[in-house]
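> Need the 3D shape of this:
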Amino acid sequence: MVNVQNVTFSYTKKTELLNNLSLNLKAGHIHGLLGKNGEGKSTLLKLISGLVFPKAGTIDTLGFNPVNRYPEMMREIFFLPEELPQLNLSIGNYEKVYSPFYPNFNAEQFDNYLKEFDVDNKKSMLNKLSHGQKKKVFVAFGLAANTKLLLMDEPTNGLDIPSKGQFRRMVASAIDENRCMVISTHQVHDMDSLIDSIIVMEHHEIAFNQSIEEITKKLFFRVAERNEKHENVLYSDDSLRGLYQVCVNTTGEESKLDIELLFNAIIINKEKILKLF
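Alright, predicted model coming up:
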């Protein structure tokens, strides 16, 4: 779906935001894109979409150079930015204006997604909605567009707890072998049981890119007693319940992935973790 090779990007001449970055995204997967603020996650999504252009390197998006923004490519991409556009349109008029750009847009799906989000008045003006309500509309539209590539930047920001659960169910039901989704987020707990691949950016590069299956095969996540010792601990975080730990999985035992623990482990102990993969 997407092939990024040796891409360098900067907004200014002095500071490079992305440095020789390479990434391959395949259909049939929901990729979680993680990283600290300022790593370039949003910029990477914009590069893939053709909204900004690389300084060096190449990008192939759905078989096209995104710089050219061919209609054949754009109709198969929906990009949901973190900062939503201010539009003086009702929900219904937004649908009428923008749905023709997406040949696979399904109006019935859009209505169903809105109902799941408890958005029941398509006459509501987008610029009068709260941030959370507006986010629901654009998430629903993006899923109903049925594009091959769906890029979402912090999609759960502004959503209440029930809506986050609804979001996970909607996305899980929308993915198929012909679609690829990328979710850039800091809300890692919102992505539990949803994403099947984790990409971590550090120092403006891809530091880690593995499937959940491979991660849980190589790493073990557990809660240990404070006086309990384990020679294969890669990262440990103290809590009221005990020590949350990431360990080398030497026994092949299954455990539930903790995305926050994994992210911190990669940042603190990247070299040892990468050797396992």
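> Distance of residue 173 relative to residue 165?
13 Å (Cβ to Cβ, to the nearest Å). To be clear about C-beta, it is placed using only N, CA and C from the backbone, and glycine gets the same treatment.
> sorry, that was for residue 55
From residue 55 over to residue 165 the distance is 41 Å, taken as Cβ to Cβ.
> Phi, psi for residue 195 please.
Note on residue 195: its backbone torsions stand at phi -80, psi 150 [degrees, to the nearest 10].
> Between residue 173 and residue 165, which has more neighbouring residues?
Neighbour tally, residue 173 and residue 165, criterion other Cβ atoms under 10 Å: the higher count belongs to residue 165, 12 against 9.
> Can you tell me the centre-most residue of the protein?
Geometric centre of the chain, nearest residue: residue 183, 1.2 Å, by Cα atoms, centre = their mean.
> which residues touch that residue?
30-33, 152, 155, 171, 191, 194-195 (Cβ atoms under 8 Å, 6 or more residues apart in numbering).
> tell me the SS of it?
Put simply, residue 183 is strand when judged by DSSP: H, G, I helix; E, B strand; the rest coil.
> one step back: which ones among the contacts of residue 183 are found in strands?
30-33, 152 (DSSP state E).
> returning to that earlier point: quick check: pLDDT value at the residue nearest to the centre of the chain.
As predicted, residue 183 sits at a pLDDT of 97.
> Quick one: residues in contact with stretch 201-217.
16-23, 29, 33-36, 39-41, 44, 195-200, 249, 252, 254-255, 257, 262, 266-267, 270, 273-274, 277.
> how about a cut-off of 6 Å?
Stretch 201-217 is contacted from outside by 17-19, 21, 23, 35, 39-41, 196-197, 199-200, 257, 266, 277, using Cβ atoms under 6 Å, 6 or more residues apart in numbering.
> what's the offset of that stretch from the middle of its chain?
13 Å (Cα atoms, centre = their mean, to the nearest Å).
> what does stretch 62-82 give?
Centroid separation for stretch 62-82 versus its chain: 17 Å, with Cα atoms, centre = their mean.
> Would you mind measuring the gap between the ends of that stretch?
23 Å (Cα to Cα, to the nearest Å).
> Report the mean confidence score over that stretch.
For stretch 62-82, the per-residue pLDDT averages 96.
> For PyMOL, write a command that selects the buried ones of the contacts of stretch 201-217.
A single PyMOL command selects the buried members of the contacts of stretch 201-217 (16 or more other Cβ atoms under 10 Å):
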select buried, resi 17+18+21+23+35+39+40+41+196+197+199+200+257+266
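> Out of the contacts of stretch 201-217, which sit inside strands?
Among the contacts of stretch 201-217, DSSP E puts 18-19, 21, 23, 35, 197, 199-200 in strands.
> So which of those is the closest to residue 134?
residue 35 (25.1 Å; Cβ to Cβ).
> Pull the contacting residues for the closest one.
Neighbouring residues of residue 35 by Cβ under 6 Å, 6+ apart: 41, 201.
> Tell me, please, where in the stretch 1-150 of the chain the pLDDT is lower than the cut-off.
Across the stretch 1-150 of the chain, no stretch falls below the confidence threshold (pLDDT under 70).
> ranges for the helices of it?
For the stretch 1-150 of the chain, the helices defined by DSSP state H, counting those that start in this stretch occupy 41-49, 71-74, 91-98, 107-116, 131-144.
> Using CSV, please lay out these together with distance to residue 83.
CSV is the format used below for the helices of the stretch 1-150 of the chain (distance: least, Cβ to Cβ, whole Å):
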stretch, distance to residue 83
helix 41-49, 9
helix 71-74, 20
helix 91-98, 17
helix 107-116, 21
helix 131-144, 10
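> that older thread, widest-spaced pair of the ones in strands among the contacts of stretch 201-217?
The most widely separated members of these are 19 and 197, with 22.1 Å between them, by Cβ to Cβ.
> now the residue nearest to the centre of the chain: how far from residue 253?
Noted for residue 183: a distance of 28 Å to residue 253, by Cβ to Cβ.
> Of the ones in strands among the contacts of stretch 201-217, which is the nearest to residue 179?
Distances from residue 179 to the ones in strands among the contacts of stretch 201-217, taken by Cβ to Cβ, are shortest for residue 197, at 13.5 Å.
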